[in-house]
Every structure is written in C-alpha cells, then in structure tokens.
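> Structure for the following, please:
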Amino acid sequence: MPRSRAVTALSLTAWSLSLPLMGCYTNVPVARNATPALGESTLVLTPAGARAVQQKLGDNVRSVDGPILRVTADSIEMTVTDVITTTRERFPQTGVALVIARSDIEQVQTRTYSRKRTWTLVGIVAGVLAFVLSASAVASASSSGEGGGGIQP
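The predicted structure is shown next:
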C-alpha cells in the first residue's frame, strides 16, 4: 500500500475509533416539581423567562445550555454556554452567569449518557471503517503500477 493511502487509512481509523469514545448524550426532562441535579442541563424558558434574560442574552431566546451551579426552591443558577433561539439557532456564550426564576422556566432537561445512541454510533463507524478499508485493499490489490520484481529480459 502506498504511503499516502496508509496515512489516510491510519488517520481514518484513529478518527473512527475516537468518535465512540466521546459517547452520545441525550437530554432527559426532569419532573416539574423535582430538584434537578447539578451539572450539564438545558433550561427551556417561558415567554416571560425569555424577556427576563433578554438584557444579557439577546432577543428570541428559547432555551439555554450550561452547567447548573445552584438550585433553590424559587430559582436556578447556571453558567450559560449556549443559547438556542426560537428559530433553533445555537449561539455559543462565554459563560454568562444567570439566576433564573423557576416560574420563568418551562422545562429542565438533564444531559445524560445514552448507551443506545453510543452503540448505534459504534456500529455505524465500524461499518464505514470496514467498507473503506476493504475498498482500499481492493484498490491496492488491483492497481497496476510500475512494479519491479519480475524477471526482466
């Protein structure tokens, strides 16, 4: 196999193997009266909540992502890492600290590890990797080049 194909196959293999190691996550809604766990979460805001954060985050905010730092009976404090607008656009933030009243929150979603999604990704990556490597091997075996090695007259 030529050096460029070997490097390509090796880098594709490394990339493919690192994808499943990151895992797949899913957002799971937390019951309305339950206390959400500290950590990565999404807060879906009410229209009043969107107006309350408008000064710091801008117009058309639908939800905010980031780690929850503190939970009280009437508010949730979080560091905002992403803002999702009403048009589903995502804008990264630099860690804006917010305290949002519970009455301004429509839903709290906790980010959890999803085994099903991760194993699905592993299967897809393995299939693509097997296809690419077998295609590369077939192309390498059938290519005619300026070989040597035969008996020269």
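> would residue 69 count as being in a strand?
Yes. Looking at residue 69 with DSSP: H, G, I helix; E, B strand; the rest coil, it is inside a strand.
> looking at it, it is touching residue 95, isn't it?
No. Under the criterion of C-beta atoms under 8 Å, residue 69 makes no contact with residue 95, lying 10.8 Å away. For the C-beta atoms, the positions are set from N, CA and C on the backbone; glycine is no exception.
> any shared contact partners between these two?
Where contact means C-beta atoms under 8 Å, 6 or more residues apart in numbering, the residues bridging residue 69 and residue 95 through contact with each are residue 79.
> Between those two, tell me which one has more neighbours.
The neighbour count for residue 69 versus residue 95, taken as other C-beta atoms under 10 Å, is higher for residue 69 (14 against 10).
> for the more buried one, what are its contacts?
Remark: with contacts taken as C-beta under 8 Å, 6+ apart, residue 69 is in contact with 38, 77, 78, 79, 97.
> what's the spacing between the second one and residue 36?
If I follow you right, that is residue 77. Distance of residue 77 to residue 36, computed by C-beta to C-beta, to the nearest Å: 12 Å.
> mind giving me the domain split of the protein?
The domain map for the chain lists 3-22+114-142, 26-113, with the assignment taken from automatic domain parsing.
> Quick one: residues contacting the closest residue to residue 87 other than its chain neighbours.
The shortest distance from residue 87 to any residue other than its chain neighbours is 6.9 Å, reached at residue 60 (C-beta to C-beta, 6 or more residues apart in numbering). Under the criterion of C-beta under 8 Å, 6+ apart, the contact list for residue 60 reads 50, 85, 86, 87.
> Are any of these buried, and if so which?
Among the contacts of residue 60, those that count as buried by neighbour count (16 or more other C-beta atoms under 10 Å) are 50, 85.
> between the contacts of residue 60, which is nearest residue 73?
Top of the list for closeness to residue 73, among the contacts of residue 60 and by C-beta to C-beta, is residue 50 at 22.3 Å.
> Kindly list the longest helix within the protein.
In the chain, with assignment by DSSP state H, the single longest helix is helix 115-142.
> From the contacts of residue 60, which land in helices?
residue 50.
> Make CSV out of the contacts of residue 60 and add distance to residue 138 and pLDDT.
Supplementary listing: the contacts of residue 60 in CSV, determined by distance: C-beta to C-beta, whole Å; pLDDT from 0 to 100:
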residue, distance to residue 138, pLDDT
50, 56, 94
85, 47, 94
86, 50, 92
87, 46, 93
